[in-house]
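**Q** using only what follows, build the 3D model:
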Amino acid sequence: MTQADTPLLDGLVVVDMCQFLSGPYASLRLQDLGARVIKIERPDGGDLSRRLYLSDTEIGGDSTIFHAINRSKESLALDLKNADDLAALRKLLLKADVVLQNFRPGVIERLGLDYNAVKAINPGVVYASITGYGDEGPWVDRPGQDLLAQARSGVMWLNGDHDQGPVPFGLAIADMLAGAAVAQGILAALVRRGISGQGAHIETSLLEVLVDFQFEVLTTHLNDGRRVPKRSEFRSAHAYLSAPYGVYPTADGYLAIAMTPLGKLQKLLEIEALGTYADPKSWFTARDAIKQLIAERLSGQTTEHWLGILEPADIWCAKVLDWPELMASEGFRALDMLQTVTREDNVSITTTKSPLRINGKRAQTTRAAPLIGEQSAKIRAEFGL
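**A** Next up is the predicted model:
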C-alpha cells in the first residue's frame with residue numbers, strides 16, 4: 001500500500017463507550033476514515049442497539065441497525081461495575097487517541113471516566129460527549145431519545161401538510177446529525193493536537209444539532225417578526241417556499257418539482273389558468289391554488305411523459321424513486337455504495353459504504369459488526385489489560 005492509499009486516520013485508536021446510534025455513528029465515520037474503533041460493551045447483552053429492531057429481521061442474533069452502524073469495529077467486553085474491568089478500561093484510555101461517550105449526564109462522572117479524569121492520565125486525548133439536551137437546564141435528566149428530541153426542537157412542524165399536525169422525520173435525524181457533528185469536531189481537534197499536542201473536549205446534544213439543522217428557516221423566523229411558518233395545505237414540501245415547490249402525483253407515480261418560474265411552467269404544461277398568478281408574490285400567498293392546478297394537469301400523464309417535456313427545458317424536476325427503483329438505477333450503481341461484510345461466525349450482511357471518497361477511492365471493509373467481546377482476548381493481550 002502506497003502512502004497515498006493509507007487511510008487518513010490509520011494508526012489512531014478510538015475507544016467508543018457509546019450505545020444506540022449517536023456515538024456509534026460518529027465512530028463509524030472515523031472507522032471509515034481508517035481509525036481503529038474499540039467498542040466497549042457489557043458482557044451481559046452488549047450494546048442495547050443489538051436488540052433495537054427496525055423490522056422482524058435478525059441476523060446472527062443482532063438487529064440490522066447494530067450491524068449497519070458497527071461494521072468493522074472491535075468489541076471489548078467489560079463490566080464497568082467491576083473494579084478490575086474498570087481499571088483495565090482506564091489502562092486502555094491511556095493509549096487512546098479519541099474517546100466517545102453518550103451516557104446520561106452524571107453517569108460518566110460517577111464512573112470516574114469524565115473528560116477531566118481521562119485528561120489527567122492522557123493529556124492529549126480528544127474526548128467527545130453527546131447528551132440529549134446538554135448539561136444544564138430542566139431537560140438534562142430527560143431521556144435523550146431521537147423522537148423526543150425532535151418533539152422538543154420544533155422540527156416536526158416543518159413536515160407534512162398544514163392540517164396534519166406535527167410530522168416526525170422517518171429517520172433518526174437527531175442521532176445521525178449529532179454523530180456527524182461530533183465527528184467533525186473530533187477531526188478538528190486532532191488537527192490541533194497534531195500542531196500543539198493539546199487535546200480537547202467536544203460536546204453536543206440532540207437538541208443542539210436539531211436547532212442547527214433548522215438554521216436557515218429559524219434565521220428567517222427570527223428576523224421577519226417571528227411569524228410562525230405556515231405549511232402548504234396541499235402537497236407541502238417546504239414551509240417557507242412558494243409554489244410550485246412540491247411533489248405531485250402523475251398517472252403512474254410521483255414527480256418532484258423544485259424552484260421554477262411559474263410562467264415557464266405555465267407554457268410547458270399548457271395550464272392557461274396559471275397566467276392569473278404572474279406576480280411572484282402570489283406564488284406564496286396562493287400556493288395551494290397554484291399547486292392544485294399543477295397537480296390536476298400532471299395526474300393526466302405518466303411521469304416519463306412529463307420528464308420528457310420538463311427536463312429538456314431545464315426545469316428542476318425528478319421522478320420520485322422508491323428503494324427498488326433507486327437500487328436498479330444506473331445513477332446509484334455508478335456510486336458503488338453497497339458492500340457485503342462477514343463476521344467470524346460466517347454471518348454476512350449487505351450494508352452501505354462510507355459516503356466519502358479519498359483520492360478517488362471509497363473505503364471498503366469485509367468485516368462485519370462484532371460479536372459481544374469478540375476481540376476481548378486480543379485487545380487485552382495487546383494493551384496489557
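
**Q** contacts and neighbour counts: CA atoms only from here.
**A** Will do.

**Q** what's the distance between Ala243 and Val320?
**A** To Val320, Ala243 is 18 Å away according to Cα to Cα, to the nearest Å.

**Q** these two: which is more packed in?
**A** Neighbours were counted for Ala243 and for Val320 using other Cα atoms under 10 Å; Ala243 has more, 28 against 15.

**Q** can you give me the offset of whichever strand or helix holds Glu325 from its chain's centre?
**A** Per DSSP states H and E, Glu325 falls inside helix 323-328. Here helix 323-328 is found 21 Å from its chain centre; the criterion is Cα atoms, centre = their mean, to the nearest Å.

**Q** same question for stretch 105-119.
**A** 26 Å.

**Q** got a list of contacts for the helix holding Glu325?
**A** Helix 323-328 is contacted from outside by 332-333, using Cα atoms under 8 Å, 6 or more residues apart in numbering.

**Q** got the CA positions of that helix in PDB?
**A** What follows is helix 323-328, C-alpha atoms only, in PDB (Å, rounded to 0.1, in the frame of the first residue of the first chain):
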ATOM      1  CA  TRP A 323     -35.800   1.900  -2.900                       C
ATOM      2  CA  PRO A 324     -36.100  -0.900  -5.500                       C
ATOM      3  CA  GLU A 325     -36.100   1.800  -8.300                       C
ATOM      4  CA  LEU A 326     -33.100   3.500  -6.700                       C
ATOM      5  CA  MET A 327     -31.100   0.300  -6.400                       C
ATOM      6  CA  ALA A 328     -31.900  -0.600 -10.100                       C
END
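
**Q** report the rounded mean pLDDT for the helix or strand following that helix.
**A** On the C-terminal side of helix 323-328, the nearest following helix or strand under DSSP H and E is helix 330-335. Averaged over helix 330-335, pLDDT sits at 93.

**Q** and if you look at stretch 187-194?
**A** The predicted model assigns stretch 187-194 a mean pLDDT of 97.

**Q** list the buried residues of it.
**A** 189-190, 193 (16 or more other Cα atoms under 10 Å).

**Q** and which of the residues you listed is nearest to Ser72?
**A** Leu190 (21.8 Å; Cα to Cα).

**Q** what's the distance between the closest one and Pro168?
**A** 35 Å.

**Q** just Ala149 next, same as before
**A** Ala149 is 10 Å from Pro168, where distance means Cα to Cα.

**Q** cool, and Ser63?
**A** 23 Å.

**Q** what's the helix or strand for Ala183?
**A** Counting by DSSP H and E, Ala183 is found in helix 173-196.

**Q** tell me which strands and helices that helix is in contact with?
**A** helix 22-32, strand 126-131, helix 146-153, strand 200-205, helix 206-213 (3 or more Cα pairs under 8 Å, 6 or more residues apart in numbering; DSSP states H and E).

**Q** go through the ones you listed and name the closest to Phe234.
**A** Closest to Phe234 of those, according to Cα to Cα: helix 146-153, at 23.2 Å.

**Q** and that closest one with helix 22-32, angle?
**A** 110 degrees (axes from the mean of the first three to the mean of the last three Cα atoms, to 10 degrees).
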